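Asks: Next comes the sequence, and after it the predicted model I'd like to discuss.
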Amino acid sequence: MFLHVDQLSVQYPGAARASVRHVSLALERGQIGALLGPSGCGKTSLLRAVAGLERPARGRVVLEGDAVSDAAAGRHLPPEQRRIGMVFQDYALFPHMTVAENVLFGLKGLPRAEQQARVAQMLDLVGLAGAASRHPHQLSGGQQQRIALARALAPKPRLLLMDEPFSSLDVDLRERLAQEVRAILKQAETTALFVTHDQMEAFAVADLVGVMNDGELQQWDEPYALYHRPATRFVATFVGHGVFAPARVVSGPEGARVRSALGEWSDRFECPLPGIGGECDVLLRADDIVHDDDSAVKARIRAKAFRGSEFLYTLELASGELVMAHVPSHHDHAVGEWIGIRAELDHVVTFPRDLKGVVAA
Ligand SMILES: Nc1ncnc2c1ncn2[C@@H]1O[C@H](COP(=O)(O)OP(=O)(O)OP(=O)(O)O)[C@@H](O)[C@H]1O
């Protein structure tokens, strides 16, 4: 493993409990990781501990086999000796310096010719070769963030850390820049870890995403798995739209099946199911629910939100259970109308019975 965070805890002086608790995660060389979670869950504290800006209370940070932090051994390499680059949300470019001078900043020790070559190479990488002699205020927010990236990558860091790198940009630009940043990092073969509270951003940029809640890492996985096979209720709720529908495990000809008001499904993808007869909640994603007027199952539209190509309908079954459905926006029905629905599940994800019909955000 290129980066290995091992059972890491961060506790601030005077705090009753640790802000980051027993977090373990790993990245291979060249992989991009994202830490996702609500405000205050400990994302930035974890990133700062990897950077060396916080001293962990417990655990280790191992970079290329080198334990840069090891609480048990009392080892803590200062940030400037870790060869880690950082990009922050406010770019932190020097306003009085040109773009080229900003990128040059981290290259002080190199011979002059090499410095010039590296600056040119970095500006080229971020697609701003023509902006070398401009000043930061003459550039757009997205361009400034690309310069900040060029400056962080110029000294060839072993690891790049980014804290909410897109959050000060408007939504359109964020989406575009997220894709550009992924392409730039992949081209530069950089291993990177970044913090965001925006799942679309995490999915667009990262190979592996960690969902944190209240100081703990609940799942560290590929975006597809986080969405389709969430490990906990919290992950299921935080990532994507859906509901937990009450269900019962029944026996079928090929083993256990999950029966809910919307249908019955077998355990096709080896998601552990409770024992036969057991009560559980099954996760129904909004994209598992298909609008089909021929279906015997009817639901009344309780609320609808226009999302461009589709509506997100909140629907109520005759039993009072709620489900959510993504429906193409040319199927424009009024609130209060009854429509036919059908559930098409590829991934049957169940959780022990808890609160009935909890709506996932
Ligand atoms: N320097 C500090 N001293 C004491 N407590 C801190 C310090 N920095 C953060 N905390 C606390 O640690 C917890 C985690 O904060 P952190 O900034 O890591 O969360 P976050 O997930 O990055 O949040 P956000 O998305 O709002 O930035 C919070 O309860 C916060 O109040």
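Replies: Looks like it came in fine.
Asks: Now for the residue in the stretch 101-250 of the chain that the ligand sits nearest to: which residues touch it?
Replies: Taking CB to the nearest ligand atom, the ligand has its nearest neighbour within the stretch 101-250 of the chain at residue 197, 5.2 Å off. Every residue, glycine included, has its C-beta placed from N, CA and C. Residues near residue 197 by CB atoms under 8 Å, 6 or more residues apart in numbering: 36, 37, 38, 39, 43, 164, 167.
Asks: Excluding residues flanking it in the chain, which one is nearest residue 86?
Replies: Spatially, and ignoring its direct neighbours in sequence, residue 86 is nearest to residue 161 (5.0 Å; CB to CB, 6 or more residues apart in numbering).
Asks: quick revisit: and the contacts of residue 197, which of them are in strands?
Replies: Per DSSP state E, strands hold the following members of the contacts of residue 197: residue 36.
Asks: Out of the contacts of residue 197, which are close to the ligand?
Replies: 37, 39, 43 (CB under 6 Å from any ligand atom).
Asks: Now render those as CSV, adding neighbour count.
Replies: Shown next, in CSV, are those (neighbours: other CB atoms under 10 Å):
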residue, neighbour count
37, 26
39, 7
43, 25
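Asks: So which of those residues sits lowest on pLDDT?
Replies: Scanning these for pLDDT, the smallest score is found at residue 39, 92.
Asks: and the stretch 51-200 of the chain, which residues reach the ligand?
Replies: Selection of the stretch 51-200 of the chain residues close to the ligand by CB under 6 Å from any ligand atom yields residue 197.
Asks: number of nearby residues for the closest residue to residue 160 other than its chain neighbours?
Replies: Distances taken as CB to CB, 6+ apart put residue 192 closest to residue 160, at 4.1 Å, once the chain neighbours are dropped. Residue 192: 30 surrounding residues under other CB atoms under 10 Å.
Asks: Would you mind measuring from residue 192 to residue 175?
Replies: 18 Å (CB to CB, to the nearest Å).
Asks: hmm, back to that, assess the claim that the residue nearest to residue 86 and residue 194 are in contact.
Replies: Yes: counting by CB atoms under 8 Å, residue 161 does reach residue 194; the two are 6.9 Å apart.
Asks: Specify which residue of these two has the higher count of neighbours.
Replies: A direct count of neighbours by other CB under 10 Å for residue 161 and residue 194 places residue 194 higher, at 26 against 22.
Asks: May I ask which helix or strand encompasses that one?
Replies: Per DSSP states H and E: residue 194 is located in strand 192-196.
Asks: what residues do residue 161 and residue 194 have in common as contacts?
Replies: With CB under 8 Å, 6+ apart, residue 161 and residue 194 have common neighbours residue 47.
Asks: Domain parsing of this protein, as residue ranges.
Replies: Using automatic domain parsing, the domains assigned to the chain come out as 3-233, 241-360.
Asks: Least confident secondary structure element in the chain?
Replies: strand 359-360 (a mean of 48; mean pLDDT, DSSP states H and E).
Asks: Where does pLDDT dip in the stretch 51-200 of the chain?
Replies: 90-91 (pLDDT under 70).
Asks: those strands in it, which residues are they?
Replies: 58-63, 66-70, 75-76, 84-87, 159-163, 192-196 (DSSP state E, counting those that start in this stretch).
Asks: Tell me how far the fifth one lies from the chain's centre.
Replies: Put plainly, it is strand 159-163. Put simply, strand 159-163 sits 14 Å off its chain's centre (CA atoms, centre = their mean, to the nearest Å).
Asks: so who does the residue nearest to residue 86 touch?
Replies: Counting by CB under 8 Å, 6+ apart, residue 161 has contacts 47, 50, 51, 84, 85, 86, 87, 192, 193, 194.
Asks: Go again with 6 Å.
Replies: Applying CB atoms under 6 Å, 6 or more residues apart in numbering, we find residue 161 in contact with 47, 51, 86, 193.
Asks: What degree of burial does the second one show, as a neighbour count?
Replies: For residue 51, the tally of surrounding residues (other CB under 10 Å) stands at 20.
Asks: Sweet, I'm off.
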